[in-house]
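[1] Dropping the sequence and predicted coords here.
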Amino acid sequence: MNNTLSDSPVSIDRPVRIGVVVGEASGDILGAGLMLALRRRYPNAVFEGIGGERMLAAGFNSFFPQDRLAVMGLVEPLKRLPELLRIRKHLIGYFSDNPPDVFIGIDSPDFNLTIEEKLRAQGIKTVHYVSPSVWAWRQKRIVKIARAVDLMLTLLPFEASFYEQHKVPVCFVGHPLADEIPLQPDQQGARAQLNINQDAKVMALMPGSRGGEVKLLGPIFWQTASWCLKQEPCLQFIVPAANPSRREQIEEQLSDYQELPVTVVDGQSHTVMAASDCVLMASGTTTLEAMLLKRPMVVAYKFAWLSYVILKRLVKSPFFSLPNLLAEKMLVPEVLQDDVTPETLGKAAMAYLSDSGRTETLKQQFTEIHENIRCDASERAAAAVQSLIER
């Protein structure tokens with residue numbers, strides 16, 4: 001791995017200017033942490049570009065609202081394309097006329113990599129923070145990435161190995177969530193916070209944070225809960241709603257399942273997972289959070305038919321959940337597309353509740369992975385950026 005953290009720094013007397021563009025709420029968390037760590041190195045640093053609420057609170061100058069970049073899927077970006085192109089053109093023009101000491105694109109690769117490529121061609125140093133899933137699909141993007149970045153910062157070790165193989169400068173910094181979440185979660189405290197009996201058997205149901213996910217997975221998850229309840233009549237269920245719109249959508253779906261002992265709460269996904277005995281969940285970053293919270297899980301994903309046909313041809317990875325990708329083996333059950341049925345999901349989830357030995361072994365494996373990616377990510381990322389600035 002490139003020894004990005006060990007370069008000798010050179011003193012910079014003037015205020016350092018750092019361009020940053022963040023397109024997702026998760027990127028705002030990373031950006032704020034990185035800003036604070038860089039400020040300890042450059043107290044007078046100026047940060048500007050596009051950032052979210054946490055970055056704004058830390059003194060960031062955002063040219064556009066961050067949520068204007070928050071588009072998902074295959075269709076929505078096309079609808080918003082004219083606006084996105086205008087924003088990107090403005091950013092390229094501004095940073096070309098006012099070159100920063102470094103430009104950092106955080107996540108949103110389809111948007112940021114083009115900016116990075118244009119700026120790097122003009123001699124501006126560029127960093128991309130959070131690797132796109134190039135190791136899993138659309139691997140030819142590595143050619144553009146090599147042109148676009150002076151340094152790739154990865155959250156996960158297997159990502160860094162991929163870039164090393166393709167001779168792209170890289171630094172594995174670890175995952176900020178691994179720093180934030182304790183190695184030993186407090187299940188009793190989480191249950192007390194949610195008013196759940198300490199002796200209850202509890203399954204968390206997490207069909208996703210986006211409307212499309214809940215539309216596809218929600219009804220199947222509630223049917224799975226009904227199936228599990230027949231096997232274990234004392235089982236309780238809890239659902240964290242990501243926002244008011246998701247809560248309304250979830251409660252409307254659950255109106256057809258009055259027999260279910262289910263509680264819907266606003267947010268608090270970490271507390272919900274920590275309080276549970278197992279989690280039935282959609283694939284995504286939340287699988288990493290569940291792993292860090294040492295929760296046994298069953299991971300499901302169901303795409304719209306056309307999206308599935310397209311992605312099936314593109315994806316190269318043998319796994320789609322982060323615990324399995326990190327372990328490089330099947331630690332937790334993954335259920336995809338037509339296999340996502342109440343009986344399949346229910347059997348996999350109930351297996352955890354009936355086999356405490358298997359659950360304890362899984363928790364030990366999760367703890368080992370947690371320790372491997374707990375690296376003080378923001379500080380490591382800041383040190384790598386400082387080394388690049390002062391090289």
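    Thanks, I have the structure now.
[2] show me what contacts the most centrally placed residue in the chain?
    The residue lying closest to the centre of the chain (Cα atoms, centre = their mean) is Thr285, at 3.8 Å. Thr285 sits next to 26, 322 when contact means Cβ atoms under 8 Å, 6 or more residues apart in numbering. Backbone N, C-alpha and C define where each C-beta goes, glycine included.
[3] mind redoing it with 10 Å?
    24, 26, 175, 177, 209, 322 (Cβ atoms under 10 Å, 6 or more residues apart in numbering).
[4] can you pick the most crowded of those?
    His175 (26 neighbours; other Cβ atoms under 10 Å).
[5] quick one, phi/psi of it?
    The phi and psi values for His175, taken as degrees, to the nearest 10, are phi -110, psi 130.
[6] pLDDT value on it, please?
    His175 carries a pLDDT score of 92 in this model.
[7] how far away is it from Asn112?
    19 Å (Cβ to Cβ, to the nearest Å).
[8] correct me, but Ser283 touches Pro333?
    No - with contact taken as Cβ atoms under 10 Å, Ser283 and Pro333 are classed as non-touching, separated by 11.6 Å.
[9] Overlap of the contact sets of the two?
    299-300, 321.
[10] tell me which of those is nearest to Leu205?
    The nearest member of the shared contacts of Ser283 and Pro333 to Leu205, counting by Cβ to Cβ, is Ala300 at 10.7 Å.
[11] In this structure the closest one contacts Leu336, no?
    Yes - if you go by Cβ under 10 Å, Ala300 and Leu336 touch, sitting 7.4 Å apart.
[12] so what sits against both of those two?
    Joint contacts of Ala300 and Leu336 (Cβ under 10 Å, 6+ apart) are Ser283.
[13] Which residue of these two possesses the greater neighbour count?
    The neighbour count for Ala300 versus Leu336, taken as other Cβ under 10 Å, is higher for Ala300 (29 against 15).
[14] List the beta-bridge partners for the more buried one.
    Ala300 forms beta bridges with Ala282, Val335, as assigned by DSSP bridges.
[15] From Gly284, how far off is it?
    Ala300 is 11 Å from Gly284, by Cβ to Cβ.
[16] what touches both of these two?
    In contact with both Ala300 and Gly284: 206, 208, 321, using Cβ under 10 Å, 6+ apart.
[17] looking at the residues you listed, which has the most residues close by?
    Busiest of these [other Cβ under 10 Å] is Met206, holding 30 neighbours.
[18] if I pick the closest residue to that one other than its chain neighbours, what's in contact with it?
    In space, and not counting its chain neighbours, Met206 is closest to Met281: 4.0 Å by Cβ to Cβ, 6 or more residues apart in numbering. The contact partners of Met281, by Cβ under 10 Å, 6+ apart, come to 204-208, 217, 221, 269, 273, 287, 289-290, 295, 297-301, 321, 332.
[19] now Met281: how far from Lys89?
    39 Å.
[20] same question, Pro333
    Taken as Cβ to Cβ, the span from Pro333 to Lys89 is 45 Å.
[21] So for those two, which sits in the more crowded spot?
    More crowded of Pro333 and Lys89, by other Cβ under 10 Å: Pro333, with 20 against 12.
[22] residue contacts, Tyr129?
    20, 22, 27, 30-31, 34, 104-107, 112, 149, 151-155, 171, 173, 377, 381, 384-385.
[23] Mind checking which of those residues are in strands?
    20, 22, 104-106, 151-154, 171 (DSSP state E).
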